[in-house]
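Student: Sequence below, structure please.
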Amino acid sequence: MIKFACNQCGKRFSMADEFAGRKGKCKQCGATLTVPSPTQDKIVIEFQDGSSKPRTAVPSPSTATSPAPLAPPRPRSSVRPKRLEADFTQVQAAFAGSSVVHVEPVQGNPPETYHVHYNVKGLVRGPNGQPVLRDQHSVEIVLTRDYPRQSPKCKMLTPIFHPNIEPAMICVGDHWTAGERLVDLIVRIGEMITYQAYNIKSPLDGEAAMWADINRDHLPIDNCNIHPADVS
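Tutor: Next up is the predicted model:
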């Protein structure tokens, strides 16, 4: 049995299933009606005053489409913590007895930020703008969230005059690979400070690059050996 109501006046009707799809007129208001199929999602709402109104049926909880379950959270990679721990162990072993390099972990466990102090000769701008010698230099090395895939963020904590170093940046990214050790990076920065390593073709400090080009016969400033004993 098909039960439905007129869309215009709400009069209710009951028809046998075989009349599904047939048309007729409402006996109360004269509107044209089409008998719905038994499976059509229409229901008649009956109000307390006896009136009724058709409405599209709301799927029951058992037939409603359920949202896809959320994927479980991806486990946090253990590569970075292991790498940080390995770096810390290697740095401690490499520079423990060095009179040239002192490494100070300042943040994180294992450390993510280091202050590195170099007892080597380098250059700074003097009062008249010309470079003068300085024999103590400090650097901050930050191992970012993308480390070791991306190079550490390195900056000077003391003044310097060098083609590839500016106050907020030490240019190490061009040479960085994910397999490079933090020990090797610390050595390379020391070699830059002493002018054992510099590049005048793509400088951060054009004035220092010009000075280095003119005075290349007097470089490096310091020939000290910054390399520690090999650490595996």
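
Student: that's a helix at residue 183, yeah?
Tutor: Yes: secondary structure of residue 183 (DSSP: H, G, I helix; E, B strand; the rest coil): part of a helix.

Student: care to break this protein down by domain?
Tutor: The record's domain split for the chain, according to automatic domain parsing, is 2-56, 79-218.

Student: Any buried residues in stretch 138-156, and which?
Tutor: 139-141, 143, 147-148, 151-154, 156 (16 or more other Cβ atoms under 10 Å). Any C-beta I mention is one placed from the backbone N, CA and C, and that applies to glycine too.

Student: picking up where we left off before, nearest to residue 227 among the domains of the chain would be which one?
Tutor: Among those, the nearest to residue 227 by Cβ to Cβ is domain 79-218 (5.7 Å).

Student: Neighbours of the residue nearest to residue 119 when sequence neighbours are not counted, how many?
Tutor: What sits nearest to residue 119 in space, not counting adjacent residues and going by Cβ to Cβ, 6 or more residues apart in numbering, is residue 100, at 5.5 Å. By other Cβ atoms under 10 Å, 18 other residues sit near residue 100.

Student: what sits against residue 100?
Tutor: Residues near residue 100 by Cβ atoms under 8 Å, 6 or more residues apart in numbering: 118-120, 190, 224-226.

Student: Of these, grab the buried ones for PyMOL.
Tutor: Selecting only the buried entries of the contacts of residue 100 in PyMOL, with 16+ other Cβ under 10 Å as the criterion:
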select buried, resi 118+120+190+224+226
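
Student: still on that earlier bit, quick check: phi and psi on the residue nearest to residue 119?
Tutor: Per-residue torsions, residue 100: phi -100, psi -40 (degrees, to the nearest 10).

Student: Ok, residue 213 next?
Tutor: Per-residue torsions, residue 213: phi -70, psi -40 (degrees, to the nearest 10).

Student: Where do the strands of the chain begin and end?
Tutor: 2-5, 12-15, 23-25, 32-34, 42-46, 52-56, 101-108, 111-118, 122-125, 131-134, 137-142, 153-156, 165-166, 169-170 (DSSP state E).

Student: And the ones you listed: which comes nearest residue 196?
Tutor: Nearest of the strands of the chain (Cβ to Cβ): strand 122-125, 10.4 Å.

Student: can you pull the buried residues of stretch 120-133?
Tutor: 120-123, 131.

Student: Ok, stretch 94-105 next?
Tutor: Residues 94-95, 100-101, 103, 105 are the ones in stretch 94-105 that count as buried (16+ other Cβ under 10 Å).

Student: Identify the farthest-apart pair in those residues.
Tutor: Maximum pairwise distance in the buried residues of stretch 94-105, criterion Cβ to Cβ, is 18.2 Å, between 100 and 105.

Student: Okay, helices next: where are they in the chain?
Tutor: 79-95, 182-193, 206-214 (DSSP state H).

Student: Could I get those helices in TSV, plus columns for mean pLDDT and distance to residue 3?
Tutor: Output for the helices of the chain, formatted as TSV (pLDDT from 0 to 100; distance: least, Cβ to Cβ, whole Å):
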stretch	mean pLDDT	distance to residue 3
helix 79-95	94	66
helix 182-193	96	79
helix 206-214	95	89
